[in-house]
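Chemist: the sequence and its predicted three-dimensional model are supplied below.
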There are 4 protein chains.
Amino acid sequence: MSTETQRELGVAMIGYAFMGAAHSQGWRTAPHFFDLPLRPAMRVVAGRNPDGVAAAAEKLGWSESSTSWSELLERDDIDLIDICTPGDSHRDIALAALAAGKHVLCEKPLANSVAEAQEMADAAERAAARGVVAMVGFTYRRVPAIQLARSLVEQGRLGTIQHVRAQYLQDWLADSRAPLTWRLDKEKAGSGALGDIGAHIIDLTQFITGQQITNVSGALKTFVSERPIAEDLSGLSGTAGTDMGPVTVDDAAVFLAELSGGALGVYEATRFAHGRKNAIRIEINGSRGSLAFDFEDMNVLHFFDATEPSETGGFRRIVVTEPEHAYVANWWPAGHGLGYEHGFTHQVVDLVTAIAQGTRPSPSFTDGLYVQRVLDAVERSSHSRAGWTEV
Amino acid sequence: MSTETQRELGVAMIGYAFMGAAHSQGWRTAPHFFDLPLRPAMRVVAGRNPDGVAAAAEKLGWSESSTSWSELLERDDIDLIDICTPGDSHRDIALAALAAGKHVLCEKPLANSVAEAQEMADAAERAAARGVVAMVGFTYRRVPAIQLARSLVEQGRLGTIQHVRAQYLQDWLADSRAPLTWRLDKEKAGSGALGDIGAHIIDLTQFITGQQITNVSGALKTFVSERPIAEDLSGLSGTAGTDMGPVTVDDAAVFLAELSGGALGVYEATRFAHGRKNAIRIEINGSRGSLAFDFEDMNVLHFFDATEPSETGGFRRIVVTEPEHAYVANWWPAGHGLGYEHGFTHQVVDLVTAIAQGTRPSPSFTDGLYVQRVLDAVERSSHSRAGWTEV
Amino acid sequence: MSTETQRELGVAMIGYAFMGAAHSQGWRTAPHFFDLPLRPAMRVVAGRNPDGVAAAAEKLGWSESSTSWSELLERDDIDLIDICTPGDSHRDIALAALAAGKHVLCEKPLANSVAEAQEMADAAERAAARGVVAMVGFTYRRVPAIQLARSLVEQGRLGTIQHVRAQYLQDWLADSRAPLTWRLDKEKAGSGALGDIGAHIIDLTQFITGQQITNVSGALKTFVSERPIAEDLSGLSGTAGTDMGPVTVDDAAVFLAELSGGALGVYEATRFAHGRKNAIRIEINGSRGSLAFDFEDMNVLHFFDATEPSETGGFRRIVVTEPEHAYVANWWPAGHGLGYEHGFTHQVVDLVTAIAQGTRPSPSFTDGLYVQRVLDAVERSSHSRAGWTEV
Amino acid sequence: MSTETQRELGVAMIGYAFMGAAHSQGWRTAPHFFDLPLRPAMRVVAGRNPDGVAAAAEKLGWSESSTSWSELLERDDIDLIDICTPGDSHRDIALAALAAGKHVLCEKPLANSVAEAQEMADAAERAAARGVVAMVGFTYRRVPAIQLARSLVEQGRLGTIQHVRAQYLQDWLADSRAPLTWRLDKEKAGSGALGDIGAHIIDLTQFITGQQITNVSGALKTFVSERPIAEDLSGLSGTAGTDMGPVTVDDAAVFLAELSGGALGVYEATRFAHGRKNAIRIEINGSRGSLAFDFEDMNVLHFFDATEPSETGGFRRIVVTEPEHAYVANWWPAGHGLGYEHGFTHQVVDLVTAIAQGTRPSPSFTDGLYVQRVLDAVERSSHSRAGWTEV
């Protein structure tokens, strides 16, 4: 429990859109449910629009607002920079922050290119030697059902992993009149479905299986090449205007994959799957059992134990809300499920704990770099219709 | 496997509507998938309409047709009478058949009153002494998932049964313009949803738990009291005419129940549950585990084993299509599910086997009588708003 | 958006266990996602144990702690009393608070008896004349899927409601060694499963259908009459000691119901349904369609529209996370589901809005009283085995 | 309805294992539920083992048995040859039968190579000119839910198809000690999971979408390269002996696909997905809606109509058992679901009807050839790690 003398961790956040709101909820909520070794102080939120960022500070619970992230790096009362901007600014902010001795939490994907990600990972390694840590925000790892999946694989309950089947399906672009936002602009976003949502299933499946994707054979597709330019933004969408602009990223990405432990993977990420709202669907088949997860039912993990007698064997629908499950004991009684944003609270807990303990939090920038390399391999495989491509 | 010298079992069936078609498929199919100790010979189908019954004979695979069921009882080549008529004729046919030394398979509910059912059960007892057997057609018992449910309870996998939750939901009367058929006529059908479909969940839950319903507290309800008289019948429905007639049975039946082993039951049968087509839903909770079944997914049984560690405990979705499951080894490979009518084939297998072995098949007329007594207690409780009523 | 000059609403909360934590999260979170017309100020949390309540204040985000709830009523900076204690103290606190001119939010069930609830409802009526409001905390109403259910019924999409089927299934007492806590003590809790969880499905089904339960026929059952006395409490459970004590409440409650609009209801509440963690399951069948909900998949509502052609008719699995759905636009993009605690935030939003607008929030103490009368009728019906009993 | 003067269709079946049993059930059952324009006469079953085939004739309902399929081609009372043997004999039997003027029904995959399939398709074209028809047995097309899927796409209810996602998952080889059977021998079976089960999802998705797969990029994998030689065969499995033999086919096949109408496909077939028994899972996303099907719940089709208001939009769980659905009116009332084998009855109905009407049944040998070309392209892509490969 926090005390008078508990040390504070001064936090500044850059960006205040969808991810900024989610991260803020994490920073605000964590101390009320978990006993943190450091007390997060939500000092500053930074952004380019002075009115916007000032309003965000009040709404999201930050003490101050700023229009200059670089100034924040000079402040002694800021210990950690939380990067919630689009991917094109991740590298600059992260490098500067680490150089200034600030811990960094950076939203995924780590960067818009392998080269940028490599610089960041290298910088994180150097910073670690000075006790400064860096983490990339693959928050879905911190859904209790995903933690249980990882644990079952680690315990050997699945045996040798043979199949990985992963889909991230959304439908918010299936309407061809949905407006053009920064997520459809290659300069800002790096890629489309591939980096935005495909990155999550790459990370999740590598995390769960403990294997790395070593080779891919993929295809990217843009179904709608031109859209009305957005005039007013909120959340993932906005209001369509009358002028049209080009979509410069993929609408969908599919790829086959070979994993380091011999598993065969099939991946698909799309925003064109009508009726699927945020369906992160992962199935793992191993020699001793199988797992299945769908974020649309996020408090549940399905587990098939092939060592059961076949008369009573079946996928178990585990409601992952028991005190034994990761993070759950700090929340509610069994069956009182968590929601999307809880992962951001868990992220704060794990990050703050690592900082206090002097350990390096996971996933690291090196993990983020590896995901970036997989994304890059899929793009290379796709653009040249090259088939199998090494990561 | 059948041989030249295999003894035949001459069968005559009375009635050739929905149940007649289902029974015929059972008689036709059983020998091709199971090794029967007697070879069923589909000798005669009987009915009142000469043209109708002649057409049925050809369509359903019976060698002859007849308009007089009583004549069939005098034939030496008829060993078994299969009664598929509405409930108002069950008693007369069954008593005569047993008296004539014919084995009897009688559709459920056994009769339209306890008095009739009692006579039939008494006659069956007397007949048994002469080696003549009688069985009532609660075929849903013979769905492999139901057999597995029974087996798990018998093995003690559920511990002491505490809750029984049973619903039989259909929607074919939810449209107030659906026509009046014999199933809505108390004279013919005895009761409405209560006896037609409620009887099934009474039988199934008693079968699975091995307990009897001893007290009930119920209510019957008729939502639509008048309907257009049917002109042309097929399956469960028909074409509505312009004349109206009174509905004299219940549209829905609900009741609480106490079971002999201390379980508390909640039962509901209705034909007014829009969107539920043939949803026989049964849940059993015991001190060591739980079961759940829904006939709309009839090849699946859900089983929760409370002795599992809670970290990995969950309802198992058992796909009941493994060779270890009842009846399944004679059909298809795992996952190649069975349908509604397979229960009728299993019924033939079990009945013919009992006859050949000289054992008494189950469920007996006494079992059918007990269901009738439960139905009667529900009616008594309901009509007088009497609350708890002894069976 | 809140401004410098925004008026504050001073809040004090009594009790800080499970419900206190949930209410606190609501008070803390609401201003960050919703534009509230008043700014809630979390002034004081009160409780009997000085150390416990002081720790709770810090953990849950209250400025001060107090061991005397009555003193709080004299403070001018407290506008609202939020009652999160067991049911035996609801009446005293609420009456005093209303008399002192404080708005009241009271956890459900409203009281431990109809007499108490009646006093409270009367007091709330009198207070309303003075502009002081009272609300009872049936938060499940504020799950977006439940709001949609209510809206569909209101719009007539279900036609005339004919069946209500409601279950609240938990399993935390299924283990006979689970310890004795205040929820198993009739003096503290009023009743067992009936009032604790049965109250929720009574309220929810009355809310969704717009009908009142007028008659009930029920049964209560205590499966385990003696349990080890709890030594250390957390959440719903605790650590079992070695001394045994009597369970003085019901473990399970079942009842049939007649509703004011002609619907037939079947209700069941139990904490003995192994594998069901917090399964609030509600099905409504009407002449034009059906609804189904299960809190174990709380972001989903199933809706069957019987006016669809039968070729393509089917229960629609509506993922209730679209901006059009109640409360959702203030949270996350589609498919990023909410969790259990969000209802408490919505409760704050609705209550604060009503206070600012000078309207009376819903559900009122009169609504809470009516639920109490239903609970009482079920108890009367059960204890005398009386069958149908008027509410 | 059949009459005295109804013309017969003499049928001979070659092979009597799993597929022989399924086809026999189709031939036996069709006349009892459907009004066929020709009366199938089950004349002869042929096979190499005299005792085995004689027993099969009796068990499966064929009048005679034969050890020489070629002799049957000379008989005037045989009008149709039904080929149920492994793939390596399809070409010889089909060519001879068509040359002899016999109609042919051939199990899938059509042949073990494109060259063989091409010969067969050419022969079928020539035969058609003489009024002799040929059909390939992709029976899953005749599941009512699949027919509904096809119909919805044809009606434009899905708009432009953008994604095809198809998996055929089984687990009967996941146990590395499962014995070696002919299905694991490339000489007999042509390929492994690819041709055996992958062929089905290729055919089904082409059928539903009305598009052809034009390019593929795939991978085949054999997880277990050596298995115990089977000693006793039944169904899909057998008893493992002590000698080991090589697995010469793929255990799993995955591929990306481009379809002729612009859709992007992802396909996966495996027998190593523990817990998935016969999961044929197909999802189609189009610009106006989506479909989802899983054979483990074969009487259900899920349909999302994107033209619905988003407040009430959702995947509809259509129970495909209404009289309006293909084939269903001839079976049972709504909700009384069909099983695996019903497709074989529907196949007989469609084939016999086409023969009587002088039309060409579907799927044709040309359709079967096209599937074979897709299989071949996947093999070519896989064996050379070639990436995208034209069909």
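Modeler: Alright, I've got the coordinates.
Chemist: hey, let's count contacts and neighbours off CA atoms from now on
Modeler: OK.
Chemist: any weak-confidence spans in chain A?
Modeler: Scanning chain A for pLDDT under 70 picks out the ranges A:1-5, A:232-238.
Chemist: spatially central, which residue of it would that be?
Modeler: A:Phe138 (2.7 Å; CA atoms, centre = their mean).
Chemist: looks to me like A:Val348 is in a helix.
Modeler: Yes. Under DSSP: H, G, I helix; E, B strand; the rest coil, A:Val348 sits within a helix.
Chemist: count of neighbours near it?
Modeler: Other residues near A:Val348 number 25, with proximity taken as other CA atoms under 10 Å in any protein chain shown.
Chemist: could you check how far it is from A:Ala257?
Modeler: 32 Å (CA to CA, to the nearest Å).
Chemist: related to what we said a few turns ago, count of neighbours near the nearest residue to the residue nearest to the centre of chain A once chain neighbours are set aside?
Modeler: Using CA to CA, 6 or more residues apart in numbering or on different chains and skipping the chain neighbours, the partner closest in space to A:Phe138 is A:Lys108 (6.2 Å). In terms of burial, A:Lys108 registers 27 neighbours under the definition other CA under 10 Å.
Chemist: for the residue of chain A most remote from its centre, helix, strand, or coil?
Modeler: For chain A, the residue at maximal distance from the C-alpha centroid (CA atoms, centre = their mean) is A:Glu311, at 39.7 Å. Following three-state DSSP, A:Glu311 is assigned to coil.
Chemist: for A:His23, same thing?
Modeler: Three-state call for A:His23 (three-state DSSP): helix.
Chemist: now swap in A:Glu283 and tell me
Modeler: In three-state terms, and counting by three-state DSSP, A:Glu283 is strand.
Chemist: who's in contact with the residue nearest to the centre of chain A?
Modeler: Applying CA atoms under 8 Å, 6 or more residues apart in numbering or on different chains, one finds that A:Phe138 lies in contact with A:107-108, A:200, A:203, A:363.
Chemist: for it, grab phi and psi.
Modeler: When read as degrees, to the nearest 10, the backbone of A:Phe138 gives phi -80, psi 80.
Chemist: again, but for A:Asn112
Modeler: The phi/psi pair for A:Asn112 (degrees, to the nearest 10) reads phi -100, psi 0.
Chemist: pretty sure it contacts A:Asp88?
Modeler: Yes. With the criterion set as CA atoms under 8 Å, A:Asn112 and A:Asp88 qualify as a contacting pair; they are 6.0 Å apart.
Chemist: what do those two both touch?
Modeler: Both A:Asn112 and A:Asp88 are in contact with A:189-190, where contact means CA under 8 Å, 6+ apart.
Chemist: neighbour-wise, which of these two wins?
Modeler: Summary of the neighbour comparison: A:Asn112 and A:Asp88, criterion other CA under 10 Å, with A:Asn112 having more neighbours (25 against 18).
Chemist: any idea how far chain C is from that one?
Modeler: 23 Å (CA to the nearest CA, to the nearest Å).
Chemist: check contacts around that residue.
Modeler: The contact partners of A:Asn112, by CA under 8 Å, 6+ apart, come to A:87-88, A:189-191, A:372.
Chemist: looking at the contacts of A:Phe138, state which has the most neighbours.
Modeler: Within those, neighbour counts (other CA under 10 Å) peak at A:Lys108, which reaches 27 neighbours.
Chemist: what about the closest residue to chain B within the stretch 101-250 of chain A, how many neighbours?
Modeler: Of the residues in the stretch 101-250 of chain A, the one nearest chain B is A:Leu148, at a distance of 8.3 Å by CA to the nearest CA. Residues lying near A:Leu148 (other CA under 10 Å) number 23.
Chemist: understood, closing this out.
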